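Visitor: turn this into a model:
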Amino acid sequence: MTNQHLPFDDSSWELPSHTENIYTHRNHRYALVIPVINEGDRIRQQLRNIQDNTLPVDVIVADGGSTDGSLEDEHVRATGITAVLIKKGPGKLSAQLRMAYAWCIRQGYEGIVTIDGNGKDGVEAVNDMISLLDENFDYVQGSRYLQGGKAENTPLERTIGNRLIHAPMLSLSGRHWLTDTTNGFRAYSRRYLLDSRVKPFRRTFNNYELLFYLSVRAGQLGFKVCETPVRRSYPKDGATPTKIQSFSEKIDILKQLFRVATGGYNP
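Guide: Predicted coordinates:
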């Protein structure tokens, strides 16, 4: 498939250094980006689930520098994914997403779906997000709280933070009511990511800021926004699969949230 899009200027994009392991050519209009780091068998099982569901997307893994062997070539190649991008430069989740989104845009994808790589999300909802992108929505937020969605074993702290703080704050800032803004399962159109008033490929997006920022900027600029029901399941027992552990990390997220809501990341 060749890139039919008009040229765009990427000279100002600030991207982390990275390496690329490419397994196949582009075969679909949309990409499924999966940010991971040391997810062990969870990411392997998730890639198998995606393959079993024969989703109409090319799968791009955005690796933050895993050291657990979970993304060894023999394992990922067998699942039919398109590429593994391995971040070498500084930054956390937002840096991984900048790396992967830029790569996808340069490859000519018309839109991007993002899903966490820890196996909590029902991959079947990718089909619904693609359908909504086809209907010209620019930002599709997956929500476990909509009718038809499912929130399984969600920690109480997460529910309170999302429903009473995170979602209301970003909804007010983004001028569109959203119910599950902490959920990384979402989709964006190419035109939204390339709009000169958005500029997501800036070094300032390093931690979780980019997810929050893209949740509000679409509504602020009048892009077409919606939610779609998804399933998000936490394990009944054992540790919660999350990279946000310490009290200081949670305070940092609140600071990022406040800065996004008050326009601190707008170009």
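Visitor: ok, now which ones touch the closest residue to Val198 other than its chain neighbours?
Guide: If the residues on either side of it in the chain are set aside, Val198 comes closest to Arg217, at 5.5 Å by C-beta to C-beta, 6 or more residues apart in numbering. Every C-beta, even on glycine, is put in place using the N, C-alpha and C of the backbone. Contacts were defined as C-beta atoms under 8 Å, 6 or more residues apart in numbering; by that measure Arg217 touches Gly174, Arg197, Val198, Asn266.
Visitor: most neighbours among the residues you listed, which one?
Guide: The residue in the contacts of Arg217 with the most neighbours, by other C-beta atoms under 10 Å, is Gly174 (25 neighbours).
Visitor: contacting residues for it?
Guide: Ser215, Val216, Arg217, Ala218, Gly219, Gln220, Val225.
Visitor: let's see 7 Å
Guide: For Gly174, the contacting residues are Ser215, Val216, Ala218, Gly219, Gln220, taking C-beta atoms under 7 Å, 6 or more residues apart in numbering as the criterion.
Visitor: how much space separates it from Arg186?
Guide: 13 Å (C-beta to C-beta, to the nearest Å).
Visitor: now do Ser143
Guide: Separation of Ser143 from Arg186 (C-beta to C-beta) stands at 9 Å.
Visitor: which parts of the protein are strands?
Guide: 18-22, 30-36, 58-63, 83-87, 111-114, 139-143, 150-152, 186-189, 225-229, 231-233 (DSSP state E).
Visitor: now these as TSV including mean neighbour count, mean pLDDT and distance to Thr179?
Guide: Rendered in TSV, the data for the strands of the chain read as follows (neighbours: other C-beta atoms under 10 Å; pLDDT from 0 to 100; distance: least, C-beta to C-beta, whole Å):
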stretch	mean neighbour count	mean pLDDT	distance to Thr179
strand 18-22	14	97	34
strand 30-36	25	98	22
strand 58-63	26	98	26
strand 83-87	22	98	31
strand 111-114	25	98	18
strand 139-143	27	97	5
strand 150-152	15	89	11
strand 186-189	25	98	12
strand 225-229	19	98	6
strand 231-233	19	91	12
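Visitor: columns distance to Ala95 on top of these, output as TSV?
Guide: Compiled in TSV, those are given as follows (distance: least, C-beta to C-beta, whole Å):
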stretch	distance to Ala95
strand 18-22	9
strand 30-36	10
strand 58-63	9
strand 83-87	6
strand 111-114	14
strand 139-143	21
strand 150-152	29
strand 186-189	17
strand 225-229	25
strand 231-233	24
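Visitor: now for these, which one comes closest to His166?
Guide: If you check each of these against His166 by C-beta to C-beta, strand 139-143 wins as the nearest, at 12.0 Å.
Visitor: paired strands for that closest one, with orientation please.
Guide: strand 186-189 (antiparallel), strand 225-229 (parallel) (DSSP bridges).
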